[in-house]
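Undergrad: structure, please.
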Amino acid sequence: MSWEKCIRVLGRWTGYEPGVVEVREADERGRREVWIGLDRKASRYRCSGCGQLCARYHDTEERELRDLPILCVAVRLFLWRFRAACSRCGPRLEALEWLEPRSRVTRRMAEDVARAWEDWLPRAMESGIAPLKTFARNLAKRMAYGFRYDAYFFLQIRAAFPGVLRRTHFHLAQIDAQVRFGGLLHSSTSRLLGTRRG
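TA: Numbers count the residues shown, from 1 in each chain. Below is the predicted model:
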């Protein structure tokens, strides 16, 4: 089965359909990625404030998102995010059932990460490893207060776990790289987005 067919079956990005699909070859760590440019197929925009369907949009912005892996390959989505021109609320970000308003990951990926966190936290606290327990408590505080500066946070992780990168540390380094560089739209992604469709 080709990537395009697989993505059409597994995607389910309501209001959008897969456009350009690009399989990025393995990097120095041996990881591959699939970059998917999503094209808008809906012609109306649902206001995130009042839920009204609007015929026009106010403006758009490029957005890069992470989604769950497909066939064990990481997925990046590139799309135009619309703000509806709502007659009641004014310009409001369009409501999408699969994406929270300001999120950089899809709702299903956020739910998957939350499940993993709920599974991991009790094990970390029961482990008896003091640095791991401290890290888990600090991570819980970070989530509770919603700290935004992730790059600084991951520097703190490195400070808590000095030494040679092991498997768990390697995973944290991967997350660090995704946080620092994952939110940036590179010039090479412009062909994935194409022109705005409204």
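
Undergrad: wasn't Lys5 part of a strand?
TA: No. Looking at Lys5 with DSSP: H, G, I helix; E, B strand; the rest coil, it is helix, so not inside a strand.

Undergrad: and for it, the neighbour number?
TA: 9 (other CB atoms under 10 Å). Placement of C-beta: from N, CA and C, glycine included.

Undergrad: pLDDT score for the closest residue in space to Arg24 that isn't next to it in sequence?
TA: Spatial nearest neighbour of Arg24, chain neighbours left out: Glu33 (4.4 Å); criterion: CB to CB, 6 or more residues apart in numbering. Looking at Glu33, its pLDDT reads 89.

Undergrad: Glu33 and Val105, how far apart?
TA: 15 Å (CB to CB, to the nearest Å).

Undergrad: same deal with Trp117?
TA: 13 Å.

Undergrad: over to Phe135?
TA: 22 Å.

Undergrad: cool, Cys89 as well?
TA: From Cys89 to Val105 the distance is 25 Å (CB to CB).

Undergrad: who has more neighbours, those two?
TA: Neighbour totals were compared for Cys89 and Val105, and Val105 leads with 18 against 15 (other CB under 10 Å).

Undergrad: what's across from the residue nearest to Arg24 in the sheet?
TA: Per DSSP bridges, the residues bridged to Glu33 are Arg24, Ala74.

Undergrad: roughly how far apart are it and Asp67?
TA: If you go by CB to CB, the gap between Glu33 and Asp67 works out to 11 Å.

Undergrad: what of Tyr16?
TA: From Tyr16 to Asp67 the distance is 12 Å (CB to CB).

Undergrad: ditto for Leu10
TA: If you go by CB to CB, the gap between Leu10 and Asp67 works out to 9 Å.

Undergrad: the more surrounded of the two?
TA: For Leu10 versus Asp67, neighbours defined as other CB under 10 Å are more numerous around Asp67 (21 against 12).

Undergrad: got the contact list for the more buried one?
TA: Val75, Arg76, Leu77, Val105, Thr106, Arg108, Met109 (CB atoms under 8 Å, 6 or more residues apart in numbering).

Undergrad: switch the residues you listed over to JSON lines; also include distance to Val20, pLDDT and secondary structure.
TA: Output for the contacts of Asp67, formatted as JSON lines (distance: CB to CB, whole Å; pLDDT from 0 to 100; DSSP: H, G, I helix; E, B strand; the rest coil):
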{"residue": "Val75", "distance to Val20": "14", "pLDDT": "90", "secondary structure": "strand"}
{"residue": "Arg76", "distance to Val20": "12", "pLDDT": "91", "secondary structure": "strand"}
{"residue": "Leu77", "distance to Val20": "11", "pLDDT": "94", "secondary structure": "strand"}
{"residue": "Val105", "distance to Val20": "21", "pLDDT": "88", "secondary structure": "strand"}
{"residue": "Thr106", "distance to Val20": "19", "pLDDT": "90", "secondary structure": "coil"}
{"residue": "Arg108", "distance to Val20": "22", "pLDDT": "89", "secondary structure": "helix"}
{"residue": "Met109", "distance to Val20": "21", "pLDDT": "87", "secondary structure": "helix"}
